[in-house]
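Peer 1: Need coordinates for the following:
(3 chains)
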Amino acid sequence: MPQIEVENLSKVFRVPEREAGFVASLRSVFRRRYKEVRAVDGIAFKIEEGEIVGFLGPNGAGKTTTLKMLSGLLHPTSGTVSVMGHVPWRRESDYLRRISMLMGQRSQLHWDLPAMDSFIVHGAVFGVPKAQFDETLNELIELLDIREVLKKQVRSLSLGERMKCEICVSLLHRPSVLFLDEPTIGVDIAMQARIREFIRDYNRKYGATIILTSHYMADVSALCRRIIVIDKGRILFDGLLPDLSQKLAPYKVIKIDLDRDLNGYDLASLGDVLSLEPRKAAIRVPKENAAAVTSRLLTDLPVLDLTIEDPPIEDVIQRVFGGAATQ
Amino acid sequence: MIRAVRLIGLFIRVSVQNFAAYRFDFFVRLFVSLGHLFGELLAVATVFSNTESLAGWRVEHMLVLVGVFRIVAGGIRMFIVPNMRKVMEDIRSGSFDFLLLAPLDAQFHVSVREFVVWRITDVVLGAALALYGCHKLLGTIPLPQVVLFVFMMIASFTIVYAVWLTLAAVCFWIVRIENIEMIFWNIFEAGRFPIQIYPPWMQWGLTYLIPVAFITTFPAASLLGDPVTGMSPRVPLFASILALAALLLSSWIFRRGLRRYSGASA
Amino acid sequence: MNLPMRALAAHFRAHLAVMMQYRGEVLLWSVWGVISPAVLYAMWSAAASGSSSGVIAGYDQASFAAYFLMMMIVGHVTAAWDVYEMGYLVRSGSMSAQLLKPVLPMWQSIGANMAYKVVTLMFVVPMWAIFAWIVKPKFQPEWWEVAAGLAAMVLGSALAYLLSYVMAMAAFWAPKLDALGEAFFALSMFAGGRFAPIEALPWYVVPVAKALPFRWMYEFPTELLVGGRLSGAETVWGLIAQLGWLGVLVVAFRVLWRAGLKRYTAVSG
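Peer 2: Numbering: from 1, shown residues only, chains lettered A, B, ... in the order given. The predicted model follows:
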């Protein structure tokens, strides 16, 4: 029996059209024009208890909207959602006590108070029995290593410290389902890795189901076995990560900065040329050729700087799923 | 119910604990409170050095009114304004979502979670002034009048809360309006002086349409028990009806706003 | 056109656009300037009819109406809020960004100030008209009082702006002291004649109020434009006093600005 079942879920927003210019803004006072935005368009999936699932897709794909409908923050336009047997947007107390949501760019801590106070309030609001609260709190403090920052005002914490406290507060009531919306955005690489490690440990230890959205491939590949790719409100792929990698026909993008002009050097023979300037270029090569092409470039040309990058996710989706993505 | 009371107690305790850390601030705030009071007393002194009667109110009556105004101004800033400002801020920043994720009635939650403890100085100073003014006039104040006064103050705060809740709820529809609270302060300004200074048609408006009279004038009148200040047996009855109606209406508006925020079909 | 003037013109235009965008908020701010004098008019009018002579400090009901209507207009023209904002600018570090520009931050503030006054006219003029229609004020200025009054209003506006800015500079030394704005407000209310004509204040306050510059910002232009209150000599002396205070404040500004900057860059940079 899947823990989370979503069927034919859609969310349509009516957005007022904003026009530039003085006359247009006057006109809009009297007659508003709306356009319909299909943020989520007939998606369906099932998730078992204890899975870690990644929702991957470009900005505006509908990931956050989906998560909000799963957590009960948003009412769908049509379709059904069942999480642990509950209908999320009924916002039943029992349901809310068993889920948690962490939003990367938004804080649920009180800025002017020490983090500890926010924790205590959270525990009281969620009705966590004292003994369980103390136990969970101590575990989380150890796991996240935040003992020293508890008494400091949240406003004076660094972003990394604050993120750890946000994670702590979202887990104080031992939720069974965790929704993580862009949890590592804006955080430095070391902290990103630590957060991912923590999430993995938490899932292993408590068996909590975790749904994670991100537009960083790295987040998803580090944590999730199963990936759901969403673009323009539709699911483009729902399966295991290794299958997605295979499907992507992996490419790398090599960018070079030169000491002198290229002078007609034949880059096109090495791979797809993405951009070309006298002293700078970017080419796309199959993953397995990346090393060879790199050493060739380094030998042939006076390279000042060379980077090897993954193509951005939007490109990947466009390339692989072609027409479906542009509908 | 008990849980609700316990939660309120927790919010207050948290606020007090954190304020105790800033002792210097307290004296500055006390000084500012006294400054406000001094300004208001200077205003009264100015008026009554030029006349004996302000629409029937004598200086002792006015002292009570100033005291009541202080109590309301302080009380509003103690537990209504901080909560309502946070709601508006949360809606704008998106943090309001966290409120909807908490297993607690949203309206209750947003109304009690903030508390500015040091504003109690205004309330205490105002109460002291009101009692002093009344005592000067009546000697010992009869207990029924004190009880009635407390009742009228509760009604007054309920009406104020309802107005603020409505203003905050407007943010569900018009997210961007930053200083919508000015609407309240402008209305409140009219309550600095007795309602009887206005022409009769305006008095009517300020009693039945925008019930400013019930915020300051009538509570003061009820403590004084003097018909010249507007007290009549109908006043407490009207106050309770008005307070109840305001509470119900504003709660309804807030809930409609919640539905809109979460995209429920209207 | 030299650089400060060009900067001023640019800021003025930019702020005009911004305020049109935020016209809802701007409207709400401007209502206060009408409500406060209106309430005070109602109060003084009741006080006057309750007094034995029906007249207070030489004002009867109709002339009180004129007084407070004029206070609305003068209040609008003399609005200055740097004393409230500077603390925030310094604390948040926004001042640093402004200091990097080749002209004084003051020009941006003046641009915003003027833009606000222009934009709000479309809201407050109807409100003034409605108020006048309801209360039927009695104006009786001579032509020279009108001329002097208008000059006094312009001077008073400059005075108010400068005083607000000079007081605001305390923020360089005490960025958390928001109470200074409240002090400015209270003083402008009582010592400026906005609460009541200064002659109506208790005897122990009057000399203090007369010694301060606030009366020249609010009461002086008001009395002139209401008419029939000041003699020719008093008017001339008043204008001289305005110019005198203006001079004092310009000097104070220069001195404090330099000192304040030194302190600001030493402390926060």
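Peer 1: neighbours around the closest residue to C:Lys210 other than its chain neighbours, how many?
Peer 2: Leaving aside its sequence neighbours, C:Lys210 sits nearest to C:Ile198 (Cβ to Cβ, 6 or more residues apart in numbering or on different chains; 6.6 Å). All C-beta atoms are positioned from the backbone trio N, CA, C, and that covers glycine. Other residues near C:Ile198 come to 22 when the count uses other Cβ atoms under 10 Å in any protein chain shown.
Peer 1: just the helices in the stretch 101-250 of chain C please.
Peer 2: For the stretch 101-250 of chain C, the helices defined by DSSP state H, counting those that start in this stretch cover C:105-135, C:143-168, C:179-190, C:206-211, C:214-217, C:219-226, C:232-267.
Peer 1: Check the stretch 1-150 of chain B too.
Peer 2: Under DSSP H, counting those that start in this stretch, the stretch 1-150 of chain B gives helices at B:2-20, B:23-48, B:59-75, B:81-93, B:96-101, B:106-112, B:120-138, B:143-170.
Peer 1: export the ones you listed to TSV and tack on mean pLDDT?
Peer 2: Compiled in TSV, the helices of the stretch 1-150 of chain B are given as follows (pLDDT from 0 to 100):
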stretch	mean pLDDT
helix B:2-20	87
helix B:23-48	87
helix B:59-75	95
helix B:81-93	92
helix B:96-101	94
helix B:106-112	94
helix B:120-138	92
helix B:143-170	94
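Peer 1: where does the chain have low pLDDT?
Peer 2: In the absence of a named chain, this looks at chain A. A:18-30, A:242, A:245-249, A:311-327 (pLDDT under 70).
Peer 1: Please refer instead to chain C.
Peer 2: For chain C, applying pLDDT under 70 flags the ranges C:1, C:267-269.
Peer 1: sorry, back to before: for chain A, which of the helices of the stretch 1-150 of chain B is the nearest?
Peer 2: With Cβ to the nearest Cβ as the criterion, chain A lies closest to helix B:96-101 of those, at 4.1 Å.
Peer 1: How far off centre is that closest one?
Peer 2: Distance, stretch centre to chain centre, for helix B:96-101: 27 Å (Cα atoms, centre = their mean, to the nearest Å).
Peer 1: That helix near chain A at all?
Peer 2: Yes - using Cβ under 8 Å from any Cβ of the partner chain, helix B:96-101 reaches chain A at B:Asp97, B:Phe98, B:Leu100, B:Leu101.
Peer 1: from these, which two are the most distant?
Peer 2: The distance between the two most remote of the residues of helix B:96-101 next to chain A (Cβ to Cβ) is 7.3 Å, for B:Phe98 and B:Leu100.
Peer 1: Now C:Leu3. Nearest residue, chain neighbours left out?
Peer 2: C:Leu3 sits nearest to C:Val103 (Cβ to Cβ, 6+ apart), 5.7 Å away.
Peer 1: if I read this right, that neighbour contacts C:Ala9, doesn't it?
Peer 2: No - the criterion here is Cβ atoms under 8 Å, and C:Val103 misses it with C:Ala9 at 11.6 Å.
Peer 1: can you tell me which residues contact residue 92?
Peer 2: No chain specified, so I'll use chain A. By Cβ atoms under 8 Å, 6 or more residues apart in numbering or on different chains, A:Glu92 lies in contact with A:His86.
Peer 1: not what I meant, chain B
Peer 2: B:Cys171, B:Val175, B:Arg176.
Peer 1: so which of those is the most crowded?
Peer 2: The residue in the contacts of B:Arg92 with the most neighbours, by other Cβ under 10 Å, is B:Cys171 (22 neighbours).
Peer 1: give me phi/psi at that one?
Peer 2: The phi/psi pair for B:Cys171 (degrees, to the nearest 10) reads phi -60, psi -20.
Peer 1: And A:Arg284, by the same measure?
Peer 2: Here is the backbone geometry of A:Arg284 (degrees, to the nearest 10): phi -110, psi 130.
Peer 1: In contact with the residue most central in space within chain C: list those residues for me.
Peer 2: In chain C, the residue lying closest to the centroid (Cα atoms, centre = their mean) is C:Thr78, at 3.1 Å. Contacts for C:Thr78 (Cβ under 8 Å, 6+ apart) come out as C:Met153, C:Gly156, C:Ser157, C:Leu159, C:Ala160, C:Tyr161, C:Met217, C:Tyr218.
Peer 1: Report the separation between the last one and chain A.
Peer 2: Read it as C:Tyr218. Distance of C:Tyr218 to chain A, given as Cβ to the nearest Cβ, to the nearest Å: 35 Å.
Peer 1: Verify the stated contact: that residue with C:Gly156.
Peer 2: Yes - using Cβ under 8 Å, C:Tyr218 is in contact with C:Gly156, at 6.8 Å.
Peer 1: Now the common contact residues for those two.
Peer 2: Shared contacts of C:Tyr218 and C:Gly156, counting by Cβ under 8 Å, 6+ apart, come down to C:Val74, C:Thr78.
Peer 1: Give me the more crowded residue out of the two.
Peer 2: Legend: neighbour count by other Cβ under 10 Å for C:Tyr218 and C:Gly156, higher for C:Gly156 (29 against 25).
Peer 1: Now for the closest residue in space to the more buried one that isn't next to it in sequence: which residues touch it?
Peer 2: Among residues not flanking C:Gly156 along the chain, C:Met217 sits closest, at 4.2 Å (Cβ to Cβ, 6+ apart). Applying Cβ under 8 Å, 6+ apart to C:Met217 gives the contacts C:Val74, C:Thr78, C:Gly156, C:Ser157, C:Leu159, C:Ala160, C:Leu163, C:Ser188, C:Gly192.
Peer 1: Run a quick neighbour tally on the closest residue to A:Ala124 other than its chain neighbours.
Peer 2: Closest residue to A:Ala124 apart from its sequence neighbours, by Cβ to Cβ, 6+ apart: B:Leu10 at 5.2 Å. A count of nearby residues for B:Leu10, using other Cβ under 10 Å, gives 18.
Peer 1: so what's B:Leu10 up against?
Peer 2: Contacts of B:Leu10 by Cβ under 8 Å, 6+ apart are A:Ile120, A:Val121, A:Ala124.
Peer 1: Contact partners for A:Asp283?
Peer 2: One thing to correct before we go on: residue A:283 is Ile, not Asp. If you count contacts by Cβ under 8 Å, 6+ apart, A:Ile283 has them with A:Val253, A:Ile254, A:Leu267, A:Leu270, A:Gly271, A:Asp272, A:Val273, A:Leu274, A:Val293.
Peer 1: For those, please prepare TSV with the additional fields secondary structure and distance to A:Thr136.
Peer 2: As requested, these are exported to TSV (DSSP: H, G, I helix; E, B strand; the rest coil; distance: Cβ to Cβ, whole Å):
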residue	secondary structure	distance to A:Thr136
A:Val253	strand	45
A:Ile254	strand	48
A:Leu267	coil	57
A:Leu270	coil	55
A:Gly271	coil	52
A:Asp272	strand	52
A:Val273	strand	55
A:Leu274	strand	50
A:Val293	helix	52
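Peer 1: Most neighbours of all the residues you listed, which one?
Peer 2: Of the contacts of A:Ile283, with other Cβ under 10 Å as the count, A:Ile254 tops at 22 neighbours.
Peer 1: Confirm for me that A:Ile308 is in contact with A:Ala290.
Peer 2: Yes - here A:Ile308 reaches A:Ala290: they are 6.0 Å apart, a contact under Cβ under 8 Å.
Peer 1: ok, those two, which is more surrounded?
Peer 2: For A:Ile308 versus A:Ala290, neighbours defined as other Cβ under 10 Å are more numerous around A:Ala290 (18 against 14).
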